[in-house]
Each structure stands twice: as structure tokens, then as C-alpha cells.
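*Asks:* below: sequence and its predicted model.
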Amino acid sequence: MDILEGLNDAQKSAVETTSGPLLILAGAGSGKTKTLTHRIGHLIAKQGVWPNEILAVTFTNKAAREMRDRLSSLLGQSNDRRFMNWMGTFHGICVKLLKIDGEAIGIARNFVIYDEDDRLGLIKKAMKTLSVSDKQVKPRAVSAVISKAKNDLLRPDEFTETANYPFQKTVAEIYVEYEREKQQAGALDFDDLLVETLRLLKERPKIRAKWRTQFKHILIDEYQDTNTAQYRIIKYMVNEKRNICVVGDDWQSIYSWRGADFTNILNFERDFEGAKVIKLEQNYRSTGAILDAAHQVITKNNNRTDKKLWTNAIGGSPVEVHQTHDEIEESRLVAGRIASQITLRTRKPSDFAVLYRTNAQSYTLERAFLQERVPYQIVGGVRFYDRKEIKDVISYLRLIHQPSDIMSFSRIANIPSRGVGVVSVEKFLAWRSQKGIDIVEALERCRESGIATRAVNSLQQVGIVLREAAKMVEQQKSPSEVIEYIIDTVQYKEYLQDGTPQADERLENIGALISDAALFTGLAEFLDEVALMSSVDLNTKNDAVTLMTLHAAKGLEFPAVFMVGLEEGILPHSRVYDGAPDDLEEERRLCYVGMTRAREELHISYSTSRLQFGTRNYNMPSRFLEDMGHNVSYIDSYAKQQDSSFDEAVMPFDINDRVRSPQFGVGEVVDVDGMAVTVQFDRGGTRKLDIENAQLALC
DNA sequence: CGGTTGCACTTTTTT
DNA sequence: AGTGCAACCG
């Protein structure tokens, strides 16, 4: 086995530089993942480093999974769950560390992880407790300020000291109350995972020493997107040998709004003196035309490193820019173009991605794809684990795992409806906190509380169910069995059957959740996975066009990419107009990231008008279009090409449809090809027919 | 207590 | 335009 095979000189050098600090500046499409994978493979196979001695941080769970897969096949290893235990996202790794050592700083082993919704709910609760009106102070704004404070490593007391303005003082109060409530619930929010890990390493030198000894090699991917807490964690983890390798590209830093600070990558050489720097500048992904246009855009930024990506694949078809009248036409243009390429069989659906700035833009695109009958999938948007029915079931599970989890309880107290209203819930919670017992015990004993009889009976039932389920967990029953027990006992499926059109889909989702859960041995593992699962981590359909935001597209590539909504106010987004110039530069990087996802074909579109918040706006073409230069070809307005028969020209039949032909009788559609269908007739025989000539009709 | 209706607000991006 | 939340009524 030759681990260096198929690598260029710079990549080889990166793989073989295994001691001391190493900075890999990897441009878009320069084989970064491959280099990292081979570097880890080299450490394990050639230098006898034990997989558990390598700490490898990726940006998403999906990236970790991919790397684990590639690594195990490179090493000829079987890919079991425990292989490369310390490869994952910062958040995932922090959860593991806190599960093992968190008790040393007072973190319960069975902590639950609060997502954005839980955090918002808890903030609202805290505001209610403090009688702060959510009319004057918006919970979302409070959430953002608290998150920012945490990222700046300001604890509630420290934040209170720095608070000057009335708003900040109010937020400070809410922050204190929020932290208190969260602590009582035995929960940590996303930011806590990082901040508390940092505190653990800071306050417990022995524990810090243990991990520093264990991790002989540290690798960090997407280093330009690390925030302060993550940076400090890394600093603690690196030992005297300083075997740290970071990979990144300041041109692709698009998460500063989340606290990411790309000066971390610019300062690496200062932080780790004597660091070796390797630049990966050969692009293996895109054609010259695409790369040139992208380069023209990114070089208009001032605050950046200087580099020049190059490719052997010079030329290629020029980037096409399309103008449309409105967003519906734009969506039809995209879906239509894709549909015809699929019909011509020059490409398959999974070759395409459609990228947009905001999730709201996906709506009209979806409709166009449905109309064109092109299979598509949306990455992000409403995540599977964000669906109501899934959250309900997860809330039961969380409450079993952490009987103090007040947010989960509040969610399911009256789901399915069992006559427990807001008033009863409030009374119950007040009583239980005065008693100082956990929620499950309180449910069992709620007869003592003096709440209305109907509510008491229901609550007691819930208590019994939770207690039984907890016993199952103790007996090492699979999470899927626990879920089935709960939904059967509380009759959750019956609750979902409310006669709405979505009922079936919801039942299916529950089924999918149960099969997911069956893959896990313990409830805790399942809950952690669910909490940290991101929108881009989900399993993808095999053959469908991918629709997603520019942010979600980071790290991916597609033969053909459509970027839509290249308008002032969309990309760049209007929110950056009154912000710092840095924000505009980040929008430009976002544009660059989108363009460099394309391998062979890049289409960009903008619309003269667009419906936003229910009103029609007329936006100027994006300034980034002007930056792209002359390797771009402007296509005539789509409206001119579009004829009135557009709607009628849509293939009205689908596979499995029953159709009637005046000539051949009734049959079933077995294949669709442009405006023709292949029909298997009941009386025997298969024919390919043009739908207009054959006068086919649905039956 | 629960369901329905009407209003207000939304949208930047997400671990 | 769609959704979530609040107030109101049964």
C-alpha cells in the first residue's frame, strides 16, 4: 500500500510533515480532504500512531463520516463505530469530553443538549419570571446577545459588570436567570458545550494533562471558521510536541456571524512559532472559465491573503448569466434547463445543485421542480429532527434520560391532549420546584400538589409511563423499543391521525425515527446524535437535484451549479448594508464559495423583481456580477424565449400512471422520456408514444 | 380547558 | 405569502 500515490508534491509534503506545527492553506477544490485523509492514514500505517491518539476536528458530522469512510478503505480497515473515536465536530468532541470528565466541574453525566428552540423557550420563560415584556425586548435579540457573550467567554456576572445601557442590563438579568434555569434543568446549550469544555481544561490541570498526553496529533479542518472558545480549546490540547496541523482557506470564511474569526488562521504562524506552511493551489475541481470568474470576484476583497489558484483544465464553457422578470420565471428557467438536460440524458439529477442566499428562496424553486417533475431534495430548511412529531417523541426520551429537563416536559405535558392546560402546568412546576424533586418523581406524587383532579390523573399517568420507560432503559433495551413503548402507551399515533393531509407523512416520520433509533445501543448515544445532527448531515436521496443555501454548500461540489438571486439585497444581503465593510466582504466570500462548487457548468441568475414579505421589490443586479469579468456570457432575458405554451408543454404523466389510448386501450406508464411515454398495455405489448400524437389521457 | 380566528411578523446564514 | 402567537368564545 502506497499512501502517497496519486498526490501532488505539495500534498505529499503535507502528508509527510508529521511533527511540529503545520499550516495547510488549501484553496477551493485543491484536494484538501484527500490530503487530510492520507495524512491520518500515514500517521497510523507508517508511524504507528494509535487512532485514539489522533484528535481530528471537522466542520460537520457528514465530513467526519466521509473522512472515516475514506480512511478505513485506505487502510483496509473495517469501519466500525469505535474506529477514530476522536474524529468529529468540535461540538461532538466536547460532548464526549464532558460526558467523561464533566462531573469534575459539576456537570451531570446525563445532561441534555438544548437547541436553538429550547434556548429561545427558556429565555421566554426567564423573561416571564422577571416580568420583562417580550414586546419591548425581543427574545431572539436576547438570545443573540447571550450567545455572543458566551462566545466572548463572558459569564453572566462578567457580562453584568460590562453592561452599560438599559437594554444590556435587562439582557444581563435575563442571562443570569436563563443560566440558573438551565442549570436546574440539567441542560447545556450549544455554546455551553464549547465554553464548559474550555472551563474544564482550564480549571482542572490534571484532566488537561491527561488529554494532552493522549492526543499525540491534532488536526483541525476548516480552521478559518473556528471561534474564540474553539481556538482556546485547541491551545490547551496541544502538548509540548506541538503536533498540530490546521487546514483552511481564509477566502472561504463565511461564519463570522457565528463568532468565527478567520484571523485565527492568519495568526497561526505567530501562535505556533516555526510552523511550516504548505499551500495547495492546484485546483482539481473547476474549469478555467469558472475558476477565473470566481477569482475575479474574490480578489475585489481587501482583507485577505494573496494566492492564485490554477488548473490544468483550462477553458471550459463560460459562466452563463441569466436575467429574468420575476422569481417564478427564474425558478422555471432553472428547473426547465435542468429538466431538458435530464431528458437529453446528458446529465442526471444528482449532477445539479441550486444554491441560494436565504432559505425563503427555496419555495418557488420547489414549485418549479414539482411542475417539471424533476426529483429534488432540499438540504437544510426544516430539518428532520426539527419536525413537531419528532421533537415530541424526542422530548419524552430526553425527559427519561434527564428527569429535570423542564423544556421537554413543558412540550409534552399536554401532548397528546390529556386535559392539562397551561395553568395546571404552571401550578405543577411551581409545586415541584418548591418540593425540590425531579419532574418524574413529582408527576408520580402530584396528588399531593392540590391541582385539579382531571389534570392530576393525567399527570400521574405520564409519570408512570416515564418511570416504566426509564426501567426499560436501565435494562439496556434499545431506544427504538423505548420509543415504541411510549407512543403505544400514550397513544401518540392516534393523536397524529387528525385527518389532516400531513398525518400520513408524520406517521412515516415516526417510523423513520424508530428505525434510526434501532441503530443505537443506548439512549444517551442516540440523544447526543440527534441533538448535534445538522441539516447537512442527513442522508441524501440517490438521484435528485440538490437545493440548498450557499452556507450549506461549503465543502461540496457538483458538475453543474445554478446560483440564483444575484441581486442587491439578496447577495449581498440587505442586512450588511448598514454593517461594517467586513460584512460585505463576507458576502463576497459567500459568492466565491458558491461559484467554486461548480465543476463544469455554472449558471447565475438574477431577477428584475422579487416577492419579499408579500410585497414586490425591484432589486438591482448584484455588484458581484460586475466583478466576474469577461469570461462570463450574458444570456438574453428569459421572458423573450418563453412562449405561452410553457405550461401546456409540461409532461402530464408520471411512471405508474394509468392512461388510456384511443388506439391501444388502457395501460400503465413505465417510463417517461421528454414528451414521450412508454406504456405497458393491459391487453399486452409495450409502446413508446408521443403524448400529443397518441392523444393519451389519464384514467 | 381547548379550539378557532385574526393579527403581526417574518428572513440571512447554523453547530 | 405563510406561519406562529394571542385573544376570544364555547
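*Replies:* Yep, it's here.

*Asks:* report the buried residues of stretch A:88-105.
*Replies:* Across stretch A:88-105, burial judged by 16 or more other CB atoms under 10 Å covers A:88-95, A:97-99, A:101-102, A:105. Heads up, the C-betas are built off the backbone N, CA and C, glycines and all.

*Asks:* stretch A:390-408 and DNA strand B in contact?
*Replies:* No - residues of stretch A:390-408 contacting DNA strand B under CB under 7 Å from any atom of the strand: none, with a closest distance of 14.3 Å.

*Asks:* average model confidence for that stretch?
*Replies:* The predicted model assigns stretch A:390-408 a mean pLDDT of 92.

*Asks:* A:Thr160 and A:Ser143: what is the separation?
*Replies:* Using CB to CB, to the nearest Å, one gets 17 Å for the distance from A:Thr160 to A:Ser143.

*Asks:* just A:Asp405 next, same as before
*Replies:* 19 Å.

*Asks:* ok, A:Gly102 next?
*Replies:* Distance, A:Gly102 to A:Ser143, using CB to CB: 24 Å.

*Asks:* ok so, going back, the more surrounded of A:Asp405 and A:Ser143?
*Replies:* A:Asp405 (27 against 20; other CB atoms under 10 Å).

*Asks:* my guess is that one meets A:Leu188, correct?
*Replies:* No - using CB atoms under 8 Å, A:Asp405 is not in contact with A:Leu188; the gap is 11.3 Å.

*Asks:* quick one: common contacting residues for those two?
*Replies:* Contact criterion CB atoms under 8 Å, 6 or more residues apart in numbering; residues shared by A:Asp405 and A:Leu188: A:Val112.

*Asks:* just checking, what's the longest helix in chain A?
*Replies:* Counting by DSSP state H, the longest helix found in chain A is helix A:453-474.

*Asks:* name the residues of it that come out as buried.
*Replies:* Quick answer for helix A:453-474 (16+ other CB under 10 Å): A:455-456, A:458-459, A:462-463, A:465-466, A:469-470, A:472-473.

*Asks:* what does stretch A:237-246 give?
*Replies:* For stretch A:237-246, the neighbour count (16+ other CB under 10 Å) marks A:237-239, A:243-246 as buried.

*Asks:* in chain A, which residue sits nearest DNA strand C?
*Replies:* A:Gly614 (2.6 Å; CB to the nearest atom of the strand).

*Asks:* that residue: how many residues sit nearby?
*Replies:* 5.

*Asks:* what do you get for A:Pro416?
*Replies:* By other CB under 10 Å, the residues close to A:Pro416 number 14.

*Asks:* got the contact list for A:Glu389?
*Replies:* A:496, A:506, A:509-510.

*Asks:* swap the cut-off to 6 Å and go again
*Replies:* Neighbouring residues of A:Glu389 by CB atoms under 6 Å, 6 or more residues apart in numbering: A:506, A:509-510.

*Asks:* now A:Ala14
*Replies:* By CB under 6 Å, 6+ apart, A:Ala14 lies in contact with A:24, A:35, A:278.

*Asks:* mind checking the SS state of it?
*Replies:* Secondary structure, DSSP: H, G, I helix; E, B strand; the rest coil: A:Ala14 is helix.

*Asks:* so it versus DNA strand B, what's the distance?
*Replies:* Distance of A:Ala14 to DNA strand B, given as CB to the nearest atom of the strand, to the nearest Å: 25 Å.

*Asks:* for that residue, report the pLDDT, please.
*Replies:* Listed pLDDT for A:Ala14 reads 95.

*Asks:* now do the helices in the stretch 401-550 of chain A.
*Replies:* Assigned by DSSP state H, counting those that start in this stretch, the helices in the stretch 401-550 of chain A fall at A:406-412, A:422-435, A:439-444, A:453-474, A:479-489, A:492-496, A:503-517, A:523-532.
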